[in-house]
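In: Quick one: sequence and predicted model below, then my questions.
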Amino acid sequence: MVVKKLVKNKKERKKVELVKEKNVEVKSSRPKFVGEAQIEVRNATKDFIVGSQTINVLKGISLKIKAGDFAIIFGPSGCGKSTLLHAILGMEAPTTGEVLLDGQSLYAMSEDDVVRFRKARIGVVFQQSIWIKSLNVIENVSLPNRLKGMDVDEAETLAMETLKKVKLEDWAHHHPSELSSGQQQRISLARALTIDPMVIVADEPTGNLDTVSSDELMDLLLDLSQNQGKTVLMVTHDLEYLKYASKLFHIIDGLLVEEFDSKGAEKLSKAMKSKKGARSNLTVADGDFLKNNNDTYAIK
Ligand SMILES: Nc1ncnc2c1ncn2[C@@H]1O[C@H](COP(=O)(O)OP(=O)(O)OP(=O)(O)O)[C@@H](O)[C@H]1O
Ligand SMILES: [Mg+2]
């Protein structure tokens, strides 16, 4: 089984098996959080019923993310990363378990309150930019605040401020389709930022971008977390970016199998580089990564 191949160290493997058997939280050997967690997932499970079958996608995941963290979730395709993000975003309730944002239990709120909370506090960037085709860039970026009832002038002033942050203010009156994919993702980030969210959640935001555009987007996200006090929570398949994480969560088959702090994340990134040269093309999206990189992967 993949877990066995990956986690060579006996003690670590025991931990993984324990999680599988008893749904207990993986205990990190790294320092515990000092303050309250801003995002907390408590023993979340998620089952999908497809036809006569029940698929257990999340099998008891617990994690904590502090304000200002740059948290990255990684793991093979289909392991449940997006499902976990959707639970954290209040889009899809876990089957059992709890999600707390700023200490508030998300699914204890009414559905309307969850939507209001998300619109007010969380900025979202997906892999593919989604636009209202009839609107130009600044109108699209203004939309989250317009939907909250803000008047046009105020919403566009705020939109222009965030467009400046992503250095695309000159494109404000163009149509999004005139921009490159990388520019469109920066516009998506501007739209996410315009509500001044406490958390930015991004699901493979660089998935469709070339390396230069990816680096630009990642630098913006890093700046938000390091210099502007924002919490970033993202999923990536790109090993190059694991080093950005202050909290790195490795998910396999619906379980959190390893958790790293920034030092661990850097060590993992370096190990991958030394094996594959300056910039690895490897991703964690497929089984080959798992097969070919057991040695470097299992960090002691
Ligand atoms: N609404 C749904 N109904 C049924 N099955 C679902 C649903 N959403 C997700 N799944 C299944 O749950 C599993 C995990 O999906 P998820 O999208 O969370 O994976 P992922 O880790 O984000 O993968 P990827 O890296 O490819 O984006 C998959 O097997 C998927 O088919
Ligand atoms: Mg996904």
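Out: Cool, got the structure. Ligands and ions are numbered 1, 2, ... in the order given.

In: contacts and neighbour counts: CA atoms only from here.
Out: Noted.

In: can you pull out the strands in the stretch 101-250 of the chain?
Out: Assigned by DSSP state E, counting those that start in this stretch, the strands in the stretch 101-250 of the chain fall at 104-105, 122-125, 199-203, 231-235, 247-252.

In: lowest-confidence stretch among those?
Out: Among the strands of the stretch 101-250 of the chain, strand 104-105 has the lowest mean pLDDT, at a mean of 92.

In: can you list the residues that contact that one?
Out: When contacts are defined by Cα atoms under 8 Å, 6 or more residues apart in numbering, strand 104-105 is touched by residues 98-99.

In: Can you tell me how far Q183 is from ligand 1?
Out: Counting by Cα to the nearest ligand atom, to the nearest Å, the gap from Q183 to ligand 1 is 22 Å.

In: ok, that residue - contacts?
Out: Contacts of Q183 (Cα under 8 Å, 6+ apart): 168, 213.

In: One more: L209?
Out: Taking Cα under 8 Å, 6+ apart, one finds 181-182 in contact with L209.

In: any idea how far it is from ligand 1?
Out: Distance, L209 to ligand 1, using Cα to the nearest ligand atom: 16 Å.

In: same deal with H250?
Out: Counting by Cα to the nearest ligand atom - H250 and ligand 1 are separated by 11 Å.

In: Tell me how many other residues crowd that residue.
Out: Neighbour count of H250, defined by other Cα atoms under 10 Å: 17.

In: Stretch 237-245: end-to-end distance?
Out: Length of stretch 237-245, first residue to last, Cα to Cα, to the nearest Å: 13 Å.

In: One more: stretch 194-212?
Out: 24 Å.

In: Check stretch 231-247 too.
Out: Stretch 231-247: ends 11 Å apart by Cα to Cα.

In: need the contact list for D102.
Out: 37-39.

In: What about those residues, which one has the most neighbours?
Out: That'd be I39 among the contacts of D102, by other Cα under 10 Å, with 21 neighbours.

In: Just list the residues touching that residue, thanks.
Out: 64-66, 88, 99-103.

In: swap in R118?
Out: 89-90.

In: Show the average pLDDT along stretch 171-190.
Out: 95.

In: what's the straight distance from one end of that stretch to the other?
Out: First-to-last residue span, stretch 171-190, Cα to Cα: 12 Å.

In: do stretch 141-157 as well
Out: By Cα to Cα, one end of stretch 141-157 lies 10 Å from the other end.

In: If you count neighbours, what's buried in that stretch?
Out: 141-146, 155-156 (16 or more other Cα atoms under 10 Å).

In: The one residue sitting closest to the centre of the chain and W131: what is the separation?
Out: Closest residue to the average C-alpha location of the chain: M234 at 1.8 Å, with Cα atoms, centre = their mean. With distances taken as Cα to Cα, M234 is found 21 Å from W131.

In: Can you tell me which residues in this structure are near ligand 1?
Out: Contacts of the chain with ligand 1, taken as Cα under 6 Å from any ligand atom, map to 48, 50, 57, 76-83.
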